[in-house]
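Novice: have a look at this prediction, sequence included:
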Amino acid sequence: MDIVFINELRIETIIGIYDWEREVRQTVSLDLEMAHDIRRAAQTDDIQHALDYKKVAKRLISFIGDSEFLLVETLAEQVAEIVMGEFDVPWLRLSVSKPGALRGSKDVGVRIERGENN
């Protein structure tokens, strides 16, 4: 399986369960691996046959930037649905983290896999 990936896509959003988190924008960071057969794009050298990671990133930046979720779990599920549904991705692995959310830790978050056999 070929993988197209985006690492450390950082997006400002409202996320969290505490009152102060509902009032300030925080950074979430996404690592995304998406299954995509790259052979046709490689043979033709044509973006039309590739998974356009710039379009994926722009869609997620817009969606997450406008969202106000309580939980990173909900955000992760919504992102997975968008990527798989709108970009015809049959499988993905996604990490969503909140850098600096826990004292003493670089970041905290969730990692999910969706698609074939999940």
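Specialist: Cool, got the structure.
Novice: you'd agree residue 94 is in a helix?
Specialist: No - assessed with DSSP: H, G, I helix; E, B strand; the rest coil, residue 94 is strand; it does not lie in a helix.
Novice: give the contact list for it.
Specialist: Contacts here follow C-beta atoms under 8 Å, 6 or more residues apart in numbering; on that basis residue 94 touches 30-33, 76, 79-80, 83, 111-114. For glycine as for every other residue, the C-beta is placed from the backbone atoms N, C-alpha and C.
Novice: which of these count as buried?
Specialist: Among those, those classed as buried by 16 or more other C-beta atoms under 10 Å are 30-33, 76, 79-80, 83, 114.
Novice: what about residue 9, helix or strand, and which?
Specialist: Using DSSP states H and E, residue 9 falls within strand 3-15.
Novice: how about that strand: buried residues?
Specialist: Burial within strand 3-15, assessed by neighbour count using 16+ other C-beta under 10 Å, is assigned to 4, 6, 9, 11, 13-15.
Novice: what about the helices in this protein?
Specialist: Counting by DSSP state H, the chain has helices at residues 39-44, 53-66, 72-86.
Novice: which of those is buried the deepest?
Specialist: Here the criterion is mean neighbour count by mean count of other C-beta atoms under 10 Å, and of the helices of the chain the winner is helix 72-86, at a mean of 17.
Novice: need the helices of the chain in TSV (columns: mean pLDDT).
Specialist: Shown next, in TSV, are the helices of the chain (pLDDT from 0 to 100):
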stretch	mean pLDDT
helix 39-44	97
helix 53-66	98
helix 72-86	98
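Novice: rewinding a little: can you list contacts of the strand holding residue 9?
Specialist: 21-22, 24-36, 38, 50-51, 53, 56-57, 60-61, 64-65, 67-72, 75, 98.
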